[in-house]
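Peer 1: Got a predicted structure plus its sequence, pasted below:
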Amino acid sequence: MKIVVGGQIDKEEIAKIVSQLMNGKAEIEIKGDLDGAMGIREGKYDYYVGACNTGGGGALAMALALLGSKSCSTISMPGQIKSEAFIREEVDKGKKAFGFTAQHKDEVLPVLLKAICEKEGV
């Protein structure tokens, strides 16, 4: 499995968290938003994660433009972290790009990555 980290802030830190949580189950790359979203569209990456201050703007703008809303989900925004059930449902629906606020990375990434691993059987 390949996961690309995009978004506007904390890319290095997010990539480190993803790498630790995936514990060798995925290749992680850091890319700019355009390259990351294009990589998802071209099948180069399986999932995109990114953070910004709103959870949907800078984190997902390129992914929304290139992949469409059917492939993207905001899993946290200022003052609101989506529930584990919501995140699992989004993964189960086949969404590939996930945006969140940087301050919620420690709360949402474990839930998201667990749901992805379960869906992918890894």
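Peer 2: Looks like it arrived, so ask away.

Peer 1: At which residues are the strands of the protein located?
Peer 2: 2-7, 27-30, 47-52, 72-74, 76-77, 80-81, 97-101 (DSSP state E).

Peer 1: Which stretch among these is buried most, on average?
Peer 2: Compared across the strands of the chain, strand 97-101 shows the largest average neighbour count, a mean of 29 (mean count of other C-beta atoms under 10 Å). From N, CA and C alone the C-beta is placed, and that goes for glycine too.

Peer 1: any residues touching that one, and which ones?
Peer 2: The contact list for strand 97-101 (C-beta atoms under 8 Å, 6 or more residues apart in numbering) reads 7, 37, 40, 47-56, 59-60, 63-64, 67, 71-78, 90, 108-109, 112.

Peer 1: Just put the strands of the chain in TSV and tack on mean pLDDT.
Peer 2: As requested, the strands of the chain are exported to TSV (pLDDT from 0 to 100):
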stretch	mean pLDDT
strand 2-7	96
strand 27-30	98
strand 47-52	96
strand 72-74	97
strand 76-77	96
strand 80-81	96
strand 97-101	97
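
Peer 1: what would those look like in a markdown table with distance to Val18?
Peer 2: Listed next are the strands of the chain as a markdown table, based on distance: least, C-beta to C-beta, whole Å:
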| stretch | distance to Val18 |
| --- | --- |
| strand 2-7 | 6 |
| strand 27-30 | 5 |
| strand 47-52 | 7 |
| strand 72-74 | 16 |
| strand 76-77 | 15 |
| strand 80-81 | 17 |
| strand 97-101 | 11 |
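
Peer 1: out of those, nearest to Ile116?
Peer 2: Of all the strands of the chain, strand 47-52 sits nearest to Ile116, with 6.1 Å by C-beta to C-beta.

Peer 1: who does that closest one touch, helix- and strand-wise?
Peer 2: In this structure, strand 47-52 packs against strand 2-7, helix 11-22, helix 33-41, helix 57-67, strand 97-101, helix 105-120, with contacts taken as 3 or more C-beta pairs under 8 Å, 6 or more residues apart in numbering; DSSP states H and E.
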